[in-house]
Structure formats: C-alpha cells, structure tokens
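[1] starting from these lines, generate the structure:
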Amino acid sequence: EFLFIYQDVTSSAGKQYKNFRVGERIVPQKQAILVPFQIDCFPGDKDLTFLFRYDSSRYPESFVKTFTNALALVIDRVTHDSNMTVREHISGKHAEKLVKTDNICSFEKKINEPYVSAKDKIAIRFQDQQFTYQYLEEITGKMAAALITDFQVKKGEIIGIHYRRSTELVFSVLAVLRAGAAFTLIDVNLPDLRKKFIAKHAEFRLVISAEPYLDVPSASAENIALTGHSSVVVDRDPHLLAYLAYTSGSTGAPKGVMISSNALDSYVHSFNQYFELSSEDRVILQSAIGFDTLIEELFPAIANGACIVIAEAGGSDIKKLIELIEREQVTVISTTPLVVNELNEADSARLGSLKKIISGGDVLKRSYVDQLIGSFAVYNTYGPTETTVCATYQHINTLDDVPFIGSPIANTNIYIVDDAMCPLPPYVPGQI
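    Predicted coordinates for the structure are as follows:
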C-alpha cells in the first residue's frame with residue numbers, strides 16, 4: 001500500500017539540514033508506480049526533495065496535500081527540537097489544527113421560556129385527545145408549583161418519571177424542568193431489580209407514576225395537576241442537571257449519564273438549526289422510554305411549536321406505527337435503523353407525509369434505505385448518550401453515503417485519536 005524510497009546516490013553522512021523551506025509543485029505524470037502511494041526522497045546539499053506518486057483513483061488530492069502539510073510540520077519541528085518523538089510533534093497544537101473541527105454557535109435557553117407565541121396551536125395529539133400549547137403551559141406550570149409547594153422538590157433534585165408513552169409522560173417531564181429539578185425516565189417494563197437499582201442510584205425522593213413505585217413515595221401526574229396551585233416560573237441555572245439517563249447495562253451495571261440544562265438547550269438548538277423544524281411539523285414520539293431518542297422527539301418540537309404525535313405502541317408495532325403516520329400526517333420520525341428498515345419495505349404511498357427520516361442508535365445499512373432514498377430525506381446520526389443524544393449528522397443522498405456518520409453538530413468537536421489518545425491527522429484511521 002505504501003512505499004518510501006530514500007534515493008541518495010552519494011553518501012549523506014554528516015549532512016545537516018536547517019531552516020527548511022516548504023514548496024509545492026504538482027507535475028501530472030502517467031508513470032507506473034510500485035504501490036498505490038509512493039514517496040521518493042532525494043537529498044541535496046541543503047535541502048530535501050520529496051516526490052509523491054499516487055493512484056488518484058484511490059487518494060484524492062486533498063489527502064495528499066494534508067499529508068504533505070503534516071510531513072512539512074514534522075520536519076520543521078524536528079529540526080528545532082530533535083529530542084521529541086514524531087508522535088509528540090504531531091500531537092501538539094499544530095496537530096490539533098489539522099484535526100479539530102470548530103462549529104460553535106450561540107443558543108438561547110428555552111426550558112423556562114414560553115414555548116411558542118401562537119398558543120392556540122395543537123401541541124400534543126394522543127389517541128382521541130389533543131392539547132394546545134396554552135393548555136400545556138398551564139398544566140405544567142401548575143404541576144411545577146405543586147411539586148415545589150406540596151412535595152418540597154428542590155432545584156437540581158432528580159425526580160423519577162414512571163409512565164408509558166402518554167400525555168402524562170410529557171406533562172411530567174416539562175413540569176419537573178419548570179420546577180427547577182431534573183428527571184429520569186423509567187420504562188414500566190423494566191424488571192423490578194433494575195427499577196430498584198435506578199431508584200437507589202439516583203436517590204429518588206419522589207417518583208411520578210400512575211402506580212406505586214416499589215417503596216419510593218410516588219404521586220400520579222393527574223393528582224399533582226389537581227392540587228389547585230397557580231403556575232410558577234423558576235429561574236433555572238443552565239449548569240443545573242436536566243436529566244439523568246441510564247444506559248442499557250449490556251456490559252454490566254447500568255451507568256447513569258448526567259446531562260445539564262446547558263447541554264440540552266445546546267442540542268435542541270443544534271437539531272433545529274440542522275433539520276429546520278417549524279411549527280407546521282408533526283413529530284412522532286415513538287422511542288423506547290429511557291432511550292435518549294425520546295429527548296430528540298420531544299424538546300426540538302416544543303421549542304418550535306410543532307405538534308407531537310404520541311405513538312402508544314412505539315416502534316415495536318410497525319403496522320400501527322405506519323397507520324398513525326398516515327392518519328396523523330406525521331412529517332418527522334427519529335428512530336432506530338431496524339424501524340427505518342421496516343419503513344423501507346412499506347408502501348411508500350402511506351408514508352407520503354414524511355419529510356425527514358432520521359436514523360440513530362445503531363449501524364445503518366444500505367439495504368435499510370435503498371427504497372427510501374430519492375423519495376424521502378434520510379439522515380444517519382451518531383453519538384453516545386454522554387454527548388446529549390447525538391454528536392454528528394449525515395444527510396444520505398446516495399447509498400454511498402450510508403456508511404458515513406457525518407460532521408459535528410453545533411458546539412461539538414470531533415477528534416480522531418490513536419491508542420495513546422494522541423490526535424491524528426485527517427485520513428489516518430483511529431478512534432473517535
């Protein structure tokens with residue numbers, strides 16, 4: 001794959017090279033080369049000449065320029081400090097310039113602000129029910145006041161929310177945040193042992209639930225809303241915890257991931273900036289409870305005054321999901337690759353309202369989207385829970401785009417590093 005040839009026809013012993021000057025000259029040649037990428041080095045009396053020969057069908061010119069810049073950087077630094085290793089030279093500030101992607105933007109905190117100016121718009125549709133944004137503000141404000149007054153909920157305290165996909169789930173999440181507290185979503189189908197672990201680890205003093213939650217004090221969303229308190233507004237520190245999410249625990253005990261209000265606000269901004277949600281969108285809420293895709297389904301929609309359509313059965317019942325998408329004219333779905341695959345095999349006419357299909361949480365395969373591409377806007381997203389849902393987005397225009405995870409979202413940098421956590425230049429394989 002790679003060959004370096006040092007072509008010194010005379011002895012170079014004792015030669016010292018100082019004050020290197022880097023120049024560039026591209027000479028297209030149709031010469032046979034031994035390997036796809038070959039470098040010939042010709043030492044002179046006061047300089048070194050490098051000839052790069054490569055297969056342009058495999059290596060783009062941008063890669064070669066990046067490589068030459070990195071090589072020039074190493075040579076320059078070595079001539080000034082020969083005691084440092086090559087790794088140390090390319091892992092310093094100069095290397096960061098080669099690999100660092102700055103994508104910073106400002107954003108406004110939205111959790112305690114009015115959700116939208118047009119309060120008569122429908123905020124939530126669930127079964128045969130629908131609720132406006134005005135009602136959403138009123139009910140969550142009253143619930144927040146009750147949490148503070150009747151349950152002595154403090155700023156930053158973690159409140160468990162133990163509900164199936166429902167309006168009560170949404171009301172509870174927003175009420176907890178408006179009270180200045182943080183929430184943890186608990187799937188009702190989890191085994192009691194897992195529920196007990198989460199309750200102990202998160203130190204729940206209260207769980208909002210329609211049914212008793214083990215031995216932890218609990219109250220239903222309906223009873224909290226009936227307390228008769230007036231709406232309340234709490235000044236929220238952006239560094240306060242917004243939610244605590246627990247990983248699946250597939251490699252051991254589940255891990256609690258703490259996400260701040262600042263990080264949540266930032267992700268909402270990034271999502272809306274990239275996907276351009278509007279108040280005319282209808283976003284389906286179908287994610288598994290506790291899975292952070294639900295965060296992506298809920299908060300960007302609210303920030304834009306879009307309508308949230310709650311799928312009671314979630315993505316586990318594809319037939320009902322497609323029926324709901326068709327009936328409610330859903331425009332945005334964010335889901336797993338397996339559900340995307342089911343949509344790919346469905347009758348596209350029934351999915352005609354969809355404007356954006358967003359895949360995340362697992363590896364997306366070409367066969368999962370080969371029928372969707374061209375008819376729908378399809379996206380691949382990537383990011384661990386610790387980065388607040390996602391860290392990169394990729395618009396899938398062709399099947400060749402499917403393996404890529406895309407570029408960093410706003411307020412996010414991506415570094416490719418080696419086994420020693422040293423940054424690597426572009427095009428060099430490594431770990432994120």
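
[2] per-residue pLDDT, residue 110?
    If you check residue 110, the pLDDT there is 54.

[3] typed the wrong thing, it's residue 121
    On the pLDDT scale, residue 121 gets 93.

[4] ramachandran angles for it?
    Main-chain torsions, residue 121, degrees, to the nearest 10: phi -70, psi 150.

[5] how about the nearest residue to residue 390 once chain neighbours are set aside, what does it touch?
    Nearest residue to residue 390, sequence neighbours excluded (Cβ to Cβ, 6 or more residues apart in numbering): residue 383, at 3.7 Å. In short, each C-beta sits where N, CA and C put it, glycine included. Residues in contact with residue 383 (Cβ atoms under 8 Å, 6 or more residues apart in numbering) are 360, 389-392.

[6] how close does residue 383 sit to residue 398?
    As judged by Cβ to Cβ, to the nearest Å, residue 383 and residue 398 stand 23 Å apart.

[7] which residues in the stretch 251-400 of the chain form strands?
    Under the criterion DSSP state E, counting those that start in this stretch, the stretch 251-400 of the chain contains strands at 256-260, 282-285, 307-310, 332-335, 356-359, 377-382, 392-396.

[8] pipe those strands into TSV and attach mean pLDDT, distance to residue 52 and mean neighbour count per row.
    Formatted as TSV, the strands of the stretch 251-400 of the chain follow (pLDDT from 0 to 100; distance: least, Cβ to Cβ, whole Å; neighbours: other Cβ atoms under 10 Å):
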stretch	mean pLDDT	distance to residue 52	mean neighbour count
strand 256-260	95	45	17
strand 282-285	98	50	24
strand 307-310	97	55	23
strand 332-335	98	44	26
strand 356-359	98	38	23
strand 377-382	97	33	22
strand 392-396	96	30	19
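
[9] CSV for these, including distance to residue 143?
    Listed next are these as CSV, based on distance: least, Cβ to Cβ, whole Å:
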stretch, distance to residue 143
strand 256-260, 21
strand 282-285, 19
strand 307-310, 17
strand 332-335, 26
strand 356-359, 30
strand 377-382, 32
strand 392-396, 34
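
[10] those strands: which one's closest to residue 223?
    Among the strands of the stretch 251-400 of the chain, strand 307-310 comes nearest to residue 223, with 20.9 Å by Cβ to Cβ.

[11] residue 195 and residue 291, how far apart?
    16 Å.

[12] next one: stretch 198-206 to chain centre, how far?
    Relative to its chain's centre, stretch 198-206 lies at 27 Å (Cα atoms, centre = their mean, to the nearest Å).

[13] low pLDDT regions in the stretch 251-400 of the chain?
    Flagging of the stretch 251-400 of the chain using pLDDT under 70 yields the residue ranges 251-252.
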